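Peer 1: sequence unknown, structure follows:
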């Protein structure tokens, strides 16, 4: 009897837990078709950015013009206004074409932090056929006057407003940098989030010490980044209502197994596909089936949550009680002569 890879996420029935996460790959309909053919059970489109919504209404253009003198360096980080040729309306048309082209669920993505035009475009994405929305709340609080309470309130208010404006499921893609992440997850649950996607990778600039410039630096993830995701999914599993998804560090079938065992409904992949190509997804699925057959698992649901904090023999392994044990487990290798 073949293993059952099916799972559900945001109320959507998926043929497997392998989801293509938001990336530049999803800007091309041909790539979306290839992702489906390679085994992606759902596709999260690249993000529509808040700045693009503002640009359409002229707000960003006006801001950059008015602040050119005092913020000229900061303004240089925005692309030329004319180069934003994939703005709100083309994005919605792309979403419609994607829905017409594939049978797997297509999830729209909104990236920003304020209500702004989000509510209107969330509704328009729903009308364009999106099966669900992913709110990619990408915010770096650099103002020392801004409190953690205010930041969390902003996130929760945004989720509440979006949820009140659409009927399709809404997930929230988050970074890990919150003072009490477990409590914040519960607050997002109360605000109506249908799913949490853990965790966003905040791209950090580098220094060019020759030109004395701050430069963008994109580094693809590797499997080592999975551990933080496993930790929090395992702690939150069965303690909050929203579905849990893992993104960041998913590169192999073993990574997928770990994510499901922690309690994830699905595992999302981008860096591995950018590094190895879209057909690599087929290998991950084949390896996943082989692993499950070898270890006598009949279904994804059978293994889900089996390594969560509620299921393991020593839940203290997820907490401070394991800290000293981890530190003492490392042994120094003799220095080579």
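Peer 2: That came through fine. Note that the structure is a prediction, hence the values are computed from the model and not measured.
Peer 1: where does the stretch 101-250 of the chain have low pLDDT?
Peer 2: Counting by pLDDT under 70, the stretch 101-250 of the chain contains low-confidence ranges at 112-117, 203.
Peer 1: so residue 245 touches residue 260, yeah?
Peer 2: No - assessed by Cβ atoms under 8 Å, residue 245 is found out of contact with residue 260, at 10.8 Å. (Each C-beta comes from the backbone N, C-alpha and C, glycine too.)
Peer 1: can you give me the helices in the stretch 101-250 of the chain?
Peer 2: 118-128, 148-165, 181-190, 226-236 (DSSP state H, counting those that start in this stretch).
Peer 1: and the ones you listed as JSON lines, adding distance to residue 41?
Peer 2: Formatted as JSON lines, those follow (distance: least, Cβ to Cβ, whole Å):
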{"stretch": "helix 118-128", "distance to residue 41": "20"}
{"stretch": "helix 148-165", "distance to residue 41": "24"}
{"stretch": "helix 181-190", "distance to residue 41": "24"}
{"stretch": "helix 226-236", "distance to residue 41": "18"}
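Peer 1: so which of the ones you listed is the most surrounded?
Peer 2: Per-stretch averages of neighbours, counted by mean count of other Cβ atoms under 10 Å, single out helix 226-236 among the helices of the stretch 101-250 of the chain, with a mean of 21.
Peer 1: check the offset of that helix from the chain's centre.
Peer 2: 14 Å (Cα atoms, centre = their mean, to the nearest Å).
Peer 1: which residues are in contact with it?
Peer 2: Residues external to helix 226-236 that are found in contact with it (Cβ atoms under 8 Å, 6 or more residues apart in numbering): 176, 181-182, 185, 196, 198-199, 244, 246-250, 255, 258-259, 262-264, 307-309, 312, 318.
Peer 1: filter these to the buried ones?
Peer 2: 181, 185, 196, 198-199, 244, 246-250, 255, 258-259, 262-264, 307-309, 318 (16 or more other Cβ atoms under 10 Å).
Peer 1: from those residues, which ones fall inside strands?
Peer 2: With DSSP state E as the criterion, strands contain 196, 198, 244, 246, 247 from among the buried ones among the contacts of helix 226-236.
Peer 1: reformat the residues you listed as TSV; add distance to residue 172.
Peer 2: Below are these laid out as TSV (distance: Cβ to Cβ, whole Å):
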residue	distance to residue 172
196	6
198	10
244	11
246	14
247	12
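Peer 1: tell me which of those is nearest to residue 132?
Peer 2: residue 196 (13.0 Å; Cβ to Cβ).
Peer 1: what about the nearest residue to the closest one once chain neighbours are set aside, distance to residue 198?
Peer 2: Leaving aside its chain neighbours, residue 196 sits nearest to residue 242 (5.1 Å; criterion: Cβ to Cβ, 6 or more residues apart in numbering). Separation of residue 242 from residue 198 (Cβ to Cβ, to the nearest Å): 11 Å.
Peer 1: overlap of the contact sets of residue 245 and residue 260?
Peer 2: Joint contacts of residue 245 and residue 260 (Cβ under 8 Å, 6+ apart) are residue 267.
Peer 1: phi and psi next, for the residue nearest to residue 15 when sequence neighbours are not counted.
Peer 2: The shortest distance from residue 15 to any non-neighbouring residue, by Cβ to Cβ, 6+ apart, is to residue 41 (4.7 Å). With angles defined as degrees, to the nearest 10, residue 41 sits at phi -90, psi -10.
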